[in-house]
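Undergrad: pasting a predicted model and its sequence here:
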Amino acid sequence: YQTSTKKGIVTHVWEVDSVPKFESESGAPDFAYYVPHISFIIEGYQENNAEVPVLRGVPDLYQWYRGLLDSVDHSLTPDLVKTVDSIVKENPTELMQAKALYNWVRTGIKYIAVEDGLGGFIPDNPSAVARKRFGDCKGMSCLLATMMRHAGLDAHECWIGTRDIPYTYTENYTPFVDNHMITAYKHNNTWYFLDATDEFIPFGYPSAFIQGKEALIGIDKENYVLETVPVMSPPASKTTIIDTLTLEGEHLKGKALWKLSGYEATDFRRKSIRQKDERQFYKYFLELGNNKFELTNLPKKTETDSVVALDFSFKIPDYARNFDGKYLVNLNMDEVYSGNSLEDRKLPMELDYGYSASFDHYLKIPEGYEVRALPDNVILKEAFAEVQISYAQSGGFVHYRYSYSSSSLLLAPSEVADWDEMGKQL
């Protein structure tokens, strides 16, 4: 490292020899988490023997953001006022009103990113976004916050960095710290982080890619607050399967009910609208046992904001193994935790969200048969995940239960041995 000064310009030079080749790995977080880099912060400069402040801390950054936000015309058109007033009238409580306004924006306004010059920082006017029926994150944040404030709700525009960015506002108080805008709504001392750019995210859930991130909430011209977006617990995003299974010779038939909640329901909805062959999509998505899995009927789907339920029948030809009249049936039909090897991994692995699962398979014991043996129950616990498998015989059925829970959003390389060992045991 060396410095030099010429004509008032100070030059800093860092030199490194024999730098090893950088190689990324599947599922790793953004390179800024582990690749050395420099982020410049210009706190001020000298002009006419006076110090001109630029970014001395978060307050200066907020003042710049606030100036851009205040240049926006927040007035609502008469038609938009009527829309807000109608939603308020139809929903008697504040929380119901907030949910209805959020749903109106996320389902009625198409997200289109705008990153052209200062257009990447200045929101479009809320009424213009509503009229055009499309906007970027800034315009949608401003629209939702303005509509909610007209309804008398405590809502504010909010700047935030996605999980691709490793900095907090106090660490890097520059525009490099964030790349997104949402709406923050406060109710009974609880902040709700509403990202209307994702039409599939239900009210009460932040978008998955901002969990755990610090948010800059603009209260008024002078005041702001920094709040951390909560990380949703595993039960908030759960897959539940309950099915009844019957054997016809070596063929397995079943009637199943799947329930997907939270981010699991969001992922299903996002995937399902892209499918071209509905039957093929459901076969792939619902597959149990092996690739001989066949749907007897297309699933009957029922939905709420945060839950998708799928009711269907299926069969798996030649699933049971026949050994001289004795049948072996593998009830471990699902691979939620596959134990994917991270051997020799050098980088962390990022997970989208905490997740849980509960699978209950009830196999009817065929007439004239008895159960000769059941596998041992399994309980595996690590810092990043917990798995339980149990078998029981009751009322003419063998009941298999699989439960899984993982709250980790980042799996450290040091956890590779535990991950691999859990996979081997499963």
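TA: Good, I have the coordinates. Residues are numbered from 1 along each chain as shown.
Undergrad: for the stretch 251-400 of the chain, what are the low-confidence residue spans?
TA: 335-343 (pLDDT under 70).
Undergrad: which ones are touching the residue nearest to residue 73 when sequence neighbours are not counted?
TA: Setting aside the residues directly before and after it, residue 73 is nearest to residue 125 in space (Cβ to Cβ, 6 or more residues apart in numbering), at 4.6 Å. C-beta: built from backbone N, CA, C; applies to glycine. Contact analysis of residue 125 by Cβ atoms under 8 Å, 6 or more residues apart in numbering lists 72, 73, 74, 139, 142.
Undergrad: would you verify that the fourth one is located in a helix?
TA: Yes: according to DSSP: H, G, I helix; E, B strand; the rest coil, residue 139 belongs to a helix.
Undergrad: isn't it up against residue 127?
TA: No: using Cβ atoms under 8 Å, residue 139 makes no contact with residue 127, being 10.5 Å away.
Undergrad: for those two, indicate the residue with more neighbours.
TA: residue 139 (28 against 19; other Cβ atoms under 10 Å).
Undergrad: what pLDDT is listed against the more buried one?
TA: Per-residue pLDDT puts residue 139 at 95.
Undergrad: kindly report the same for residue 60.
TA: Residue 60 is given a pLDDT of 97.
Undergrad: ok, it - how many residues close by?
TA: By other Cβ under 10 Å, 16 other residues sit near residue 60.
Undergrad: before we move on, what about residue 351?
TA: Residue 351 is flanked by 16 other residues according to other Cβ under 10 Å.
Undergrad: so who does residue 244 touch?
TA: Counting by Cβ under 8 Å, 6+ apart, residue 244 has contacts 254, 255, 362, 364.
Undergrad: the helices in the stretch 1-150 of the chain, which residues?
TA: For the stretch 1-150 of the chain, the helices defined by DSSP state H, counting those that start in this stretch cover 58-70, 78-90, 94-108, 126-132, 137-150.
Undergrad: deepest of these, which one?
TA: Comparing these by mean neighbour count (mean count of other Cβ atoms under 10 Å), helix 137-150 comes out on top with a mean of 25.
Undergrad: still on that earlier bit, between the contacts of residue 244, which is nearest residue 347?
TA: Nearest to residue 347 out of the contacts of residue 244 is residue 254 (Cβ to Cβ; 40.3 Å).
Undergrad: quick check: that closest one touching residue 313?
TA: Yes: under the criterion of Cβ under 8 Å, residue 254 makes contact with residue 313 at 6.8 Å.
Undergrad: neighbour-wise, which of these two wins?
TA: For residue 254 versus residue 313, neighbours defined as other Cβ under 10 Å are more numerous around residue 254 (22 against 15).
Undergrad: secondary structure element holding the more buried one?
TA: With secondary structure defined by DSSP states H and E, residue 254 is part of strand 251-261.
Undergrad: mind listing the strands that strand pairs with, and their directions?
TA: If you go by DSSP bridges, strand 251-261 pairs up with strand 238-248 (antiparallel), strand 307-316 (antiparallel).
Undergrad: helix, strand, or coil at residue 359?
TA: Residue 359 - assigned by three-state DSSP - is strand.
Undergrad: mind checking how far it is from residue 137?
TA: Separation of residue 359 from residue 137 (Cβ to Cβ, to the nearest Å) stands at 37 Å.
Undergrad: got it, and residue 169?
TA: Distance from residue 169 to residue 137, by Cβ to Cβ: 18 Å.
Undergrad: go on, residue 211?
TA: On the measure of Cβ to Cβ, residue 211 and residue 137 end up 17 Å apart.
Undergrad: give me the nearest residue to residue 233, chain neighbours excluded.
TA: Residue nearest to residue 233 in three dimensions, not counting chain neighbours: residue 354, with 5.9 Å by Cβ to Cβ, 6+ apart.
Undergrad: for that neighbour, give me its contacts.
TA: 231, 232, 233, 234, 236, 237, 405, 406, 407, 408, 409.
Undergrad: span of stretch 209-220 from start to end?
TA: 26 Å (Cα to Cα, to the nearest Å).
Undergrad: and that stretch, how far out from the chain middle?
TA: Offset of stretch 209-220 from its chain centre (Cα atoms, centre = their mean, to the nearest Å): 16 Å.
Undergrad: over to stretch 405-417?
TA: Here the centre of stretch 405-417 is set off from its chain's centre by 17 Å, with Cα atoms, centre = their mean.
Undergrad: stretch 180-198 too?
TA: The chain centroid and the centroid of stretch 180-198 are separated by 15 Å, computed with Cα atoms, centre = their mean.
Undergrad: could you do stretch 294-301 as well?
TA: That offset, for stretch 294-301, works out to 27 Å (Cα atoms, centre = their mean).
Undergrad: one more: stretch 248-264?
TA: 25 Å.
Undergrad: the nearest residue to residue 351 once chain neighbours are set aside: neighbour count?
TA: On the basis of Cβ to Cβ, 6+ apart, the spatially nearest residue to residue 351 that is not a chain neighbour turns out to be residue 409, at 5.3 Å. By other Cβ under 10 Å, the residues close to residue 409 number 20.
Undergrad: from what I can see residue 409 touches residue 209, true?
TA: No: with contact defined as Cβ under 8 Å, residue 409 and residue 209 do not form a contacting pair (10.3 Å).
Undergrad: touching both of those two, which residues are there?
TA: Listed as contacting both residue 409 and residue 209 by Cβ under 8 Å, 6+ apart are 163, 352.
Undergrad: look up how far residue 143 lies from the residue nearest to residue 73.
TA: 9 Å.
Undergrad: likewise for residue 405?
TA: For residue 405, the distance to residue 143 - Cβ to Cβ - is 37 Å.
Undergrad: likewise residue 97?
TA: The spacing between residue 97 and residue 143, counted by Cβ to Cβ, is 16 Å.
Undergrad: quick one: residue 282 is in a helix?
TA: Yes: under three-state DSSP, residue 282 sits within a helix.
Undergrad: give me the neighbour count for it.
TA: Residue 282 has 20 neighbouring residues, counting by other Cβ under 10 Å.
Undergrad: thought it was touching residue 298?
TA: Yes: taking Cβ under 8 Å as the definition, residue 282 is a contact partner of residue 298 at 6.4 Å.
Undergrad: identify the contacts common to these two.
TA: Common neighbours of residue 282 and residue 298 (criterion: Cβ under 8 Å, 6+ apart): residue 312.
Undergrad: let me see the contact set for the spatially most central residue of the chain.
TA: Central residue of the chain (Cα atoms, centre = their mean): residue 208, 2.2 Å from the mean position. By Cβ under 8 Å, 6+ apart, the residues touching residue 208 are 263, 266, 352, 353.
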